[in-house]
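3D, please:
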Amino acid sequence: MNRKWFLISFCGVMVLSALFSAMRRQQREGLPLRRVNIPDSSLAPRQLPITGTNPARQFSNAIADAVEKVMPSVVVIRTEKIQYKVQRDFFGFTYQVPEQLVGEGSGVIIGEQGYVITSWHVLEGAYSRLIEVVLNDGKKLPAKYIGHDAATDLAVLKIESKGEVFPVVEFGDSDAVRVGEVSIAIGSPFSLQSSVTIGHVSQKGRRIQILPYEDFIQTDAAINEGNSGGPLIDVDGRLIGISTATKTDAEKKGVGIAFAIPSNLAMVIANSLIETGKHEWPWVGAFFYSVDARYRKDLFGGAGVVVSQVWKDTPAARAGLQPGDLVLEMDGVKVRDKHDVDRIIYNHAVGEKVRFLLMTGKEKQLEVELLLEEFPGLTP
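Residues are numbered from 1 along each chain as shown. Below you'll find the model as predicted:
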């Protein structure tokens, strides 16, 4: 009996307490509110309007404007791959076990229909039905493989979405980029989407012997795993390269040198992949070699490139090129070595024309126009 009355008393107290709290709350809500003026703190004064000009802020705004312009065209690329791992059982027999791998890289939209350029190593080995593109606004869409070029580690995808028009990046002239210019890398390093890093163009025409054909833009903008395939842009928000590789000093983690494929070459290859599914490497039917700088002035009149071999029934042969001819200019640009010759040729597509200014063996300047044909062998 005592226990019963104790429970009844406890419940009564709880009810009375709830009623009292409700009455106090109602009284407080009926009171008029007072506005409290919080004075400025002498330690943390409120921000004052910006007056005058500040070059640093103008530069900062230019960077932010360039990033804002390009960001809608930057995408994350997610893939799934199956890798078979060899295992051995208790009795010594070996067998393969499928292991599912998830990869991630970056890309940039180059066509309103949804064409995306990226790095081939981001897609290599992935099942085409398991490629997903994540837009800047977070929207996820499937994408299909269009083609790739292993020599430059470039590939093209197409986002599968009916009737949607996608924002595209504006292309810059990578040949006109100067060493020392500001460069901005955008991508998804370590799965951190839409990350931006800033640096400079450290050098052009770099060759580090990781791809069959290299003409890299070197930059000190931080590029890490996941940045591959993302855009390298200038301060005007124009694409100047596709991030592809890094070299990091093992003794100094985080201090790296990054490389990007020039946009002029990337666009030629991307157009070929979109049109035909593969890239046809052009040539003129001749090989060239660089003159040693010690002998250029005295023996070659300052020229840096010599025709070394001409093949029969090729554009070079039909135009009259001979071994020993000196190459002075191509398309109005002075060439310094054979890499300049290769760059100008490979920045064109099969079927286009290239103009040569030559110095022949008769010490006579000759200008010829050669129609580029497909290289008959493997990738140059």
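
buried set for stretch 332-344?
For stretch 332-344, a neighbour-count test (16 or more other C-beta atoms under 10 Å) marks Val335, Arg336, Asp337, Lys338, His339, Asp340, Val341, Asp342, Arg343, Ile344 as buried. Every C-beta, even on glycine, is put in place using the N, C-alpha and C of the backbone.

Stretch 282-291 now?
Under the neighbour-count criterion of 16+ other C-beta under 10 Å, stretch 282-291 has Pro282, Trp283, Val284, Gly285, Ala286, Phe287, Phe288, Ser290, Val291 buried.

Next, the distance between the ends of that stretch.
Chord length of stretch 282-291, first to last residue, is 23 Å (C-alpha to C-alpha, to the nearest Å).

Distance from the chain centre to that stretch, please.
Centroid displacement of stretch 282-291 relative to its chain, using C-alpha atoms, centre = their mean, to the nearest Å, is 29 Å.

Can you list the neighbours in contact with that stretch?
Stretch 282-291 is touched from outside by 299-300, 303-311, 313-317, 321, 327, 337-339, 341, 345-346, 348-350, 352, 354, 370, 372-375, 380, with contacts defined as C-beta atoms under 8 Å, 6 or more residues apart in numbering.

Tell me where the protein is predicted with low confidence.
Residue ranges of the chain with pLDDT under 70: 1-48, 81-103, 127-129, 247-256, 298-299, 362, 378-380.

if we can go back for a sec, would you turn the buried residues of stretch 332-344 into TSV with secondary structure and distance to Val70?
TSV is the format used below for the buried residues of stretch 332-344 (DSSP: H, G, I helix; E, B strand; the rest coil; distance: C-beta to C-beta, whole Å):
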residue	secondary structure	distance to Val70
Val335	coil	32
Arg336	coil	32
Asp337	coil	33
Lys338	helix	34
His339	helix	29
Asp340	helix	29
Val341	helix	32
Asp342	helix	29
Arg343	helix	25
Ile344	helix	27
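
from these, which is closest to Met267?
For the buried residues of stretch 332-344, the minimum distance to Met267 (C-beta to C-beta) is 13.9 Å, reached by Arg343.

my guess is that closest one meets Tyr213, correct?
No: the pair Arg343 and Tyr213 does not pass the contact test of C-beta atoms under 8 Å, sitting 9.9 Å apart.

Please name the nearest non-neighbouring residue to Glu181.
By the measure of C-beta to C-beta, 6 or more residues apart in numbering, the closest residue to Glu181 outside its immediate chain neighbours is Val201, 4.9 Å from it.

what sits against the one you found?
Residues in contact with Val201 (C-beta under 8 Å, 6+ apart) are Val177, Arg178, Val179, Gly180, Glu181, Val182, Ser183, Ile217, Gln218, Thr219, Ile240.

Show me what it bridges to in the sheet.
Thr219 (DSSP bridges).

so how far is Ser174 from it?
10 Å (C-beta to C-beta, to the nearest Å).

shared neighbours of these two, anything?
Ile217, Ile240.

Asp236 in helix, strand or coil?
Classification of Asp236 using DSSP: H, G, I helix; E, B strand; the rest coil returns coil.

where's it relative to Val169, distance?
For Asp236 relative to Val169 (C-beta to C-beta), the value is 12 Å.

Compare these two (neighbour count), which wins?
Val169 (23 against 13; other C-beta atoms under 10 Å).

so that one makes contact with Met71?
No: counting by C-beta under 8 Å, Val169 stays clear of Met71, with 10.0 Å between them.

Please indicate which of the contacts of stretch 282-291 are buried?
303-307, 310, 314-316, 321, 327, 337-339, 341, 345-346, 349-350, 354, 370, 372-373, 375.
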